[in-house]
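dropping a prediction and its sequence here:
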Amino acid sequence: MRVAVECRSLPDTVDGPATLLLLTDAELLAEWQLQQALLHGVATQSPVGLTIYGTDLRVAWANQAARLELPGPFAQYLGRSEDELYPGSQVLSARHPPSVTQIMREVLDTGRTVVDVHYRGCPPSDPSREHVWSLSYYRLQDEEGRPLGVCEESVDVTDLHQAQRRLVLLNEASAVIGSTLDLELTVRELAEVLVPGVADFTAVDLMGDVLAGREPHVTDAGRPGDLRRVVHRSVREDVPEAVVVPGHEVDYPPGSPQWQCLSTGAPVLNAVLDPASPWLLDAPARSARMHKLSIHSHMVVPLRARGVTMGVATLMRWRDPLAFAGEDLLLVEELAARAAVCIDNARRFHREHSSALTLQRSLLPPKLPTQAAVEAAYRYLPADTEAGVGGDWFDVLPLACGRVGLVVGDVIGHGIRAAATMGRLRTAVHTLADLDPAPEELLYHLDDLVNRLAEEAEQANPSGVEGVVGATCLYGVYDPVTRRATFARAGHPPPALAHLDKPVEFLGIPAGPPLGMGWLPFESAEVEIPQDSVLALYTDGLLTASDGDADTGLERLSFALAHPDRPLEDICGTVERALLPDRPRDDVAFLVARPRPLPAESVAAWDLAFHATSVRRARVLTGECLDQWKLDELAFSAELIVSELVTNAIRHARGPVELRLIRTENRLACAVADHSSTAPHLRRAKAGEEGGRGLFLVAQFALRWGTRYTPDGKIIWAELPIPHP
């Protein structure tokens, strides 16, 4: 055993000087010294605030870190509760009680430790600024387990909380800004994100050329072109900060932050605004307004797209005591960059309002094609404009195996270019639908086409006169066998489903970005379509035609679609009367479809063994099925097609294999599904080759054939016409 020895001289005693010899276990001494150092460090050096509350939940002790938030003598805070120290504070963690006193009461009563409670309030040391803390609580008790009080550990996480808020705001903005291709609406969405998310006031000014659909320019004197106030927004409804009303021209003096921003394309941050700045002296009305409201922080950010400054966003703070920081500037620059892309696209669309109605009519289907999957009806009304032409379109596309594609789209803007773009997109949808991709994949290809159209327009028009390059689209595929539909949309309103026995439902299809934006991926959703229900696909002009309020339009549409057991033409007439004025402000395309599910006796399906003997079994099953359906005249062709398709699946794919026969009013579909994604190829076999003739024979006998890919593999199908009796 190691012994620690210490000698101490004692003051003179009656018997004279004395020496005290202290001996103790060296290990126990080292442990005691460590404990003392720990206690001293916790009390005076720890960055974590420690506050001890008695059993009455009132302050009994606090370490140095906690006392930094409590100015003045600490004795004045003894005996006070947490809620009294931080009046008006708020517990941010929803899973906990609304006050820390209640939280501590539970800890004291149950002994349960509570960790990481986020708490917002203004500390006595900084009463004008909100802080956020991470609080943890545990019970203090004696050796016998009797409660002595509650210990609170606190860490100021204000900076982290603000950083998280910025990320949340940026994420929310990505879903809000650019929800349509309307210029003023995009600017308004930007303002709604900035106030109150970042600033107490914001004003967005765009160059007149941008609002007119032209390229912004700089005057011969180097001065930015005329600016017009598009929107402003404040934390107060009366917008006291504004000197100019929306729609009017804005004149900023030379040397002002807005002037600098427009001239250089760089943001200007005045974290602490100097009221004696020369540019404020040159604008007395604006200076007086800012002085009256005690505006103390100011920032101006450019709205730039494709290297061109189109306008500026001005932000101010006066209610929030914190000045703008560099992190705020980075956030606003990102938001402005996203909004600028939308604004620039909207500007280019706006320029195309001079199209011709005859072109639009010629590009729309003269009548809907004959198919068995749905009964359909439609309405199309051109916009009330001088040109009278827009880019709305609709289509019903017969697909393989009795399925049908439903599409509604809207090219933003009006004019010949919009109608021409619509025609190209409609043709592209026809071509892509023949390849039978999934709805979201079709939109991916359509999005690529829109981007290519933009590139072509820029290359063909070096002077800056560009074509329309944006659209929204809703595409869905209905399968009458499964009675389910799969939809994907690109910035388009969701489809409505009118039920026979419950209210109209607006389907929750994921909202992808408009075509040509490229911000987010497209997603699809599959929904069940009950019998006797009606699907409604429409463009946004239908909802806003009457009073511009989309919510009101949705309510009216729900009312008009009620009782879907009526004839479809009656439903179209009701919708037209309920939502459309005589001369709508925007094009309107409206398509209703009543599904006609195939009866079970019109579909036959078999699972086949992954073996060569399955080819003969497939022929036999096909012949027996056609005999039951009284289609014996198709037996030879169908058996040959089935033989070739099953043979190909067994030789070149992976099992299992499924054979399906589908009979509609005028078609017989033969489909073979396997678990391989290998694409079949049609070729002409040479004279000496034994193989290579299967698909060639299928193509000769079938009316049409093709391949459809699934998550598990592919389906090769071929269709035969059913002869009329």
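All right, it came through fine.

switch to C-alpha atoms for all contacts and neighbour counts from now on
Will do.

need the contact list for Asp159.
Applying C-alpha atoms under 8 Å, 6 or more residues apart in numbering to Asp159 gives no contacts.

for the record, mean pLDDT for whichever strand or helix holds it?
Here Asp159 sits within helix 158-176, counting by DSSP states H and E. Averaged across helix 158-176, the pLDDT comes to 84.

in stretch 530-538, which residues are buried?
Pro530, Asp532, Ser533, Val534, Leu535, Ala536, Leu537, Tyr538 (16 or more other C-alpha atoms under 10 Å).

could you pull up the mean pLDDT of that stretch?
Stretch 530-538 comes out at a mean pLDDT of 93.

list of residues touching it?
By C-alpha under 8 Å, 6+ apart, stretch 530-538 touches 407-408, 474, 483, 493-500, 564-565, 588-597.

filter those down to the buried ones and hand me the PyMOL line.
Selection of buried members from the contacts of stretch 530-538 for PyMOL, criterion 16+ other C-alpha under 10 Å:
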select buried, resi 407+408+474+483+493+494+495+496+497+498+499+500+564+588+589+590+591+592+593+594+595+596+597
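
okay, and which of the contacts of stretch 530-538 map to strands?
Secondary structure from DSSP state E places 407-408, 474, 496-498, 588-595 of those in strands.

which of those residues lies closest to Arg229?
The closest of the ones in strands among the contacts of stretch 530-538 to Arg229 turns out to be Val588 (C-alpha to C-alpha; 30.1 Å).

correct me, but the closest one touches Asp392?
Yes: Val588 is within contact range of Asp392, at 6.8 Å (criterion: C-alpha atoms under 8 Å).

find the residues that touch each one of these two.
Thr539.

and His161, how far from Gly178?
27 Å (C-alpha to C-alpha, to the nearest Å).

between those two, which has more neighbouring residues?
Neighbour count, other C-alpha atoms under 10 Å: between His161 and Gly178, Gly178 has more, with 29 against 16.

SS state for the more buried one?
Put simply, Gly178 is coil when judged by DSSP: H, G, I helix; E, B strand; the rest coil.

returning to that earlier point: CA-only coordinates of the helix holding Asp159 in PDB, if you can.
Written as PDB, here are the backbone C-alpha positions of helix 158-176 (Å, rounded to 0.1, in the frame of the first residue of the first chain):
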ATOM      1  CA  THR A 158     -29.300  29.200 -31.100                       C
ATOM      2  CA  ASP A 159     -26.800  29.200 -34.100                       C
ATOM      3  CA  LEU A 160     -27.500  25.500 -34.800                       C
ATOM      4  CA  HIS A 161     -31.300  26.100 -34.600                       C
ATOM      5  CA  GLN A 162     -31.100  29.000 -37.000                       C
ATOM      6  CA  ALA A 163     -29.000  26.900 -39.400                       C
ATOM      7  CA  GLN A 164     -31.600  24.200 -39.300                       C
ATOM      8  CA  ARG A 165     -34.300  26.800 -39.900                       C
ATOM      9  CA  ARG A 166     -32.500  28.000 -43.000                       C
ATOM     10  CA  LEU A 167     -32.300  24.400 -44.400                       C
ATOM     11  CA  VAL A 168     -36.000  23.800 -43.700                       C
ATOM     12  CA  LEU A 169     -36.800  27.100 -45.400                       C
ATOM     13  CA  LEU A 170     -34.700  26.200 -48.400                       C
ATOM     14  CA  ASN A 171     -36.400  22.800 -48.700                       C
ATOM     15  CA  GLU A 172     -39.900  24.300 -48.400                       C
ATOM     16  CA  ALA A 173     -39.000  26.900 -50.900                       C
ATOM     17  CA  SER A 174     -38.100  24.300 -53.500                       C
ATOM     18  CA  ALA A 175     -41.600  23.000 -53.400                       C
ATOM     19  CA  VAL A 176     -43.200  26.500 -53.400                       C
END
